[in-house]
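Trainee: give me a model of this one.
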Amino acid sequence: MSLSPGTRDGAEAEAQQASLAPARLFLPAHPDLRAYLLDRDETVIGRSPDADIVVPEPLASRRHASISRDPWGYAVVDLGSRNGTLLNGALVSSPRRLRNGDMIQVGTTVMRFDDPSATLGASARQPLANLPVWVNEATGEAFAHGRVLELAPKELALLSLLCERAGSICDRPDIAVRVWPEYAGRIGDNNIEALVRRLRQKLAEAGAPPDTVVTVKKRGYRLAGVVEAGVMGPTTAGR
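Mentor: Now for the predicted structure:
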């Protein structure tokens, strides 16, 4: 059954409105299930009364963690807290993309990430296709300037990692572990450099600028600009 033009327009408008709606954090253990709207570029979580989301417990640092919002979603980062921030039970050591239903733990307080756009169809997420570089992890496809990239599995794994940490440095050891899990990350720099050269060449063929993948001397690599890519993913008192 096809939609009439009026119905289709209404459905698209509703989907677009939902895709722009900010995500929320729920506290399942809270008596009234209070929800915090993530409608800022950065939402700070911590023990300080000045935090956007106040967690009044000794295991939480004053500025414990933050959630950033950008054109393709949300990411959580630990702000140097004493006891660390957990995402689905794993310690957050670098910015991590959030997915609907993820559980964030600060001290003993657990919060559930709720993203209303997660239930939308692919057509409602089309704005992502306008980004210069993005990866659809569900289908294993990568795109640059609207063109499909024909990538080998390890090239796709590298680009997916770079997109996941867009704007942040991907250290060589992290790249080695992510791209060559079968070798437990025991890969030489020459292998990584050769892989980066191949990826750069394919990005350039799709029209991406030559500096899309930036070399960070003695560290690793990052994607140029924090808004240039996307992915379709305690025992002591705090200070």
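Trainee: just the element for residue 174, please.
Mentor: helix 172-179 (DSSP states H and E).
Trainee: what's around residue 27, how many residues?
Mentor: 17 (other CB atoms under 10 Å). For every residue, glycine as well, the C-beta is placed using N, CA and C.
Trainee: test my guess that it contacts residue 110.
Mentor: Yes - with contacts defined as CB atoms under 8 Å, residue 27 counts as touching residue 110 at a distance of 7.5 Å.
Trainee: show me what contacts the residue nearest to residue 149 when sequence neighbours are not counted?
Mentor: Distances taken as CB to CB, 6 or more residues apart in numbering place residue 142 nearest to residue 149, at 4.3 Å, with adjacent residues excluded. By CB atoms under 8 Å, 6 or more residues apart in numbering, the contact list for residue 142 reads 133-136, 148-149, 151, 156, 159-160.
Trainee: correct me if wrong: residue 169 contacts residue 218.
Mentor: No - using CB under 8 Å, residue 169 makes no contact with residue 218, being 10.7 Å away.
Trainee: neighbour count winner among those two?
Mentor: residue 169 (15 against 7).
Trainee: now the more buried one: how far from residue 62?
Mentor: Separation of residue 169 from residue 62 (CB to CB, to the nearest Å): 26 Å.
Trainee: for the helix holding residue 174, packing partners?
Mentor: With contacts taken as 3 or more CB pairs under 8 Å, 6 or more residues apart in numbering; DSSP states H and E, helix 172-179 sits against helix 153-164, helix 189-205, strand 220-223.
Trainee: name the helices or strands packed onto the first one?
Mentor: Translated: helix 153-164. strand 133-136, strand 141-144, helix 172-179, helix 189-205, strand 220-223, strand 229-231.
Trainee: buried ones in it?
Mentor: By neighbour count on 16 or more other CB atoms under 10 Å, the buried set for helix 153-164 is 155-164.
Trainee: closest one to residue 222 out of those residues, please.
Mentor: Taking CB to CB as the measure, residue 222 lies nearest residue 162 of those, at 6.9 Å.
Trainee: so the closest one sits against residue 216, correct?
Mentor: No - the pair residue 162 / residue 216 is not scored as a contact, 11.7 Å apart, by CB under 8 Å.
Trainee: between those two, which contacts overlap?
Mentor: Between them, residue 162 and residue 216 share the contacting residues residue 222, judged by CB under 8 Å, 6+ apart.
Trainee: please consider this matter closed, and thank you.
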